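[1] sequence first, then the predicted structure, then my questions.
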Amino acid sequence: MLTREEIRHFRHCGYLKRPDALPPALVAELKETILTDRAAGAEPVVRDENGRVVRLSQVLDRAPVFHQAATHPPLLNILGSLLGPCIEVVKNRHNHATLNLATGTRDTYHRDAVQWSRSLLSAILYLEDTNLENGCTQIVPGSHLLPGLDLLHKVEEEQWVAESNLLSQAIPVPMSAGDILLMDGLVFHRIGPNYTQNTRMSMTLGYHSADELRPEEDPTRIIVSGTRTYRGNDRKPN
């Protein structure tokens, strides 16, 4: 479980690092499975401008080890400190494994959600060490408290963002294999450039608290902790 200080840091800064959250055996199995699917070109995948597989999409529909990682009990305990006891993992945002190979293109700053009223908790599970050389995540602390934008990517093209000098305040967030980075979905962030010839492998998932105002089941959500309980004021009395 998170301490009060960790929870406050997440709320205030929009991110939190948790070291050694995944056991080495689970990290090794995830890496092996990702490399196997990459070698086979197992769809759906994303390829770069050179045709190389750089991302495996829809990992929760692949080998069981991905679901095992998404429901790893220590991870759910950490999430429970921020989201409460009833948690859903989403299938239509993130739900991918990234290799982050060296490339001539540069990732743009982006958000993982557009508005605070239904934001997202992003969890990046690092399967290899990440640093300035191989492209660690870069974050603008506190940017989740800024106004919403009607776009996810290339937030630097928004005029008030470009004029604010905010993106120059970004900090790199190096992590070790087995660490997990939690981010508020509204935080400005991007993947750093990889200057090496190796991968920088990670798995990214999105979580919500179970929506108490949504009565129907949603195939894009998987309940991973607790239950879905509808609390709308139009529900029939017991």
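    On my side now, so go ahead. Numbering: from 1, shown residues only.

[2] partners of the lengthiest strand in the chain in the sheet?
    Assignment by DSSP state E gives strand 202-209 as the longest strand of the chain. Partners of strand 202-209 in the sheet, by DSSP bridges, are strand 87-90 (antiparallel), strand 96-98 (antiparallel), strand 121-126 (antiparallel).

[3] what about that strand, average pLDDT?
    Strand 202-209 carries an average pLDDT of 97.

[4] low-confidence ranges in this structure?
    238 (pLDDT under 70).

[5] now with 90?
    Along the chain, the parts satisfying pLDDT under 90 run over 1, 49-50, 103-107, 117-119, 147-151, 211-218, 228-238.

[6] and after the longest strand of the chain, which helix or strand comes next?
    Remark: after strand 202-209, the chain's next helix or strand is strand 221-225, criterion DSSP states H and E.

[7] note down every partner strand of that following strand and its orientation.
    Partners of strand 221-225 in its sheet, by DSSP bridges: strand 87-90 (antiparallel).

[8] what's the partner strand in contact with?
    Identification of contacts with strand 87-90 by CB atoms under 8 Å, 6 or more residues apart in numbering yields 60, 70-71, 76, 79-80, 120, 205-211, 220-226, 228. Heads up, the C-betas are built off the backbone N, CA and C, glycines and all.

[9] can you say which of these are buried?
    Among these, those scoring as buried are 60, 70, 76, 79-80, 120, 205-211, 221-222, 224-226, 228 (criterion: 16 or more other CB atoms under 10 Å).

[10] isn't D150 up against E158?
    No. Using CB atoms under 8 Å, D150 is not in contact with E158; the gap is 9.4 Å.

[11] the two - which one has more neighbours?
    Taking other CB atoms under 10 Å, D150 and E158 do not tie; E158 has more neighbours (15 against 7).

[12] next, work out how far apart V90 and E128 are.
    24 Å (CB to CB, to the nearest Å).

[13] I misspoke; the intended subject was K91.
    For K91, the distance to E128 (CB to CB) stands at 25 Å.

[14] then F66?
    F66 is 17 Å from E128, by CB to CB.
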